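> just the structure for this:
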Amino acid sequence: MTLAPVPPAPPAPALPEPRQVVLHVPEKRRFEVHVGGRRAGFTEYFESEGRRVFVHTEIGQAFSGRGLASAVVRHALEQTRAEGRRAAAICPFVSRWVAAHPEFDDVVVQRRP
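Residues are numbered from 1 along each chain as shown. Predicted coordinates:
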C-alpha cells in the first residue's frame, strides 16, 4: 500500500496590526504614537522664536521596527504645517528624516547637519 503525500497546511492568516494613533499632547510638549491603546513612543519639542523645535524622539523597544518613529514625526510636521508654523530639527532622527523627505522643506527651516 502506497500513501499519497500530504499537502502542506496553508499558512495561518496574518493577524491584523493593532490600530496606530498619533496624538498631540501640548501640555507635555510632544506628539505621542499609540498602538493598540498603549503609548509606543513620542517626539518632544519646545517652542522658541515662533518655531517648534524637535529635540528627542523615542520608540519603546517592544514597538521598534514598525516605522512608528517616522509616523509620529510625519504627523507632527503635518500638524505644524497645518497650524501655519515652522519647525527646527535638533533631534538626530528628525533631522535625518527631514533630509530624506524634501516635501517638508517648507516647514523645517533649520535642521542639525
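
> tell me the secondary structure for residue 40?
What DSSP: H, G, I helix; E, B strand; the rest coil gives for residue 40 is strand.

> look up the pLDDT of it for me, please.
Looking at residue 40, its pLDDT is 97.

> likewise residue 12?
Looking at residue 12, its pLDDT reads 59.

> now swap in the one 3 residues further on and tell me
Reading off the confidence values, residue 15 has pLDDT 54.

> secondary structure element holding residue 8?
Taking DSSP states H and E as the definition, one finds residue 8 inside no helix or strand.

> right, I mislabeled it, should have said residue 78
Secondary structure from DSSP H and E places residue 78 in helix 68-82.

> what does that helix contact?
20, 22, 24, 31-33, 35, 40-43, 45, 52, 54, 57, 59, 86-87, 93-94, 97-98, 101, 104, 106-108 (Cβ atoms under 8 Å, 6 or more residues apart in numbering). Yep, even glycine has a C-beta here, placed from its N, CA and C like the rest.

> 6 Å instead?
With contact meaning Cβ atoms under 6 Å, 6 or more residues apart in numbering, helix 68-82 is reached by 22, 31, 33, 40-41, 43, 52, 57, 59, 87, 93-94, 97, 104, 107.

> what about the strands in the chain?
Secondary structure of the chain (DSSP state E): strands located at 20-25, 30-35, 38-48, 51-59, 86-89, 108-111.
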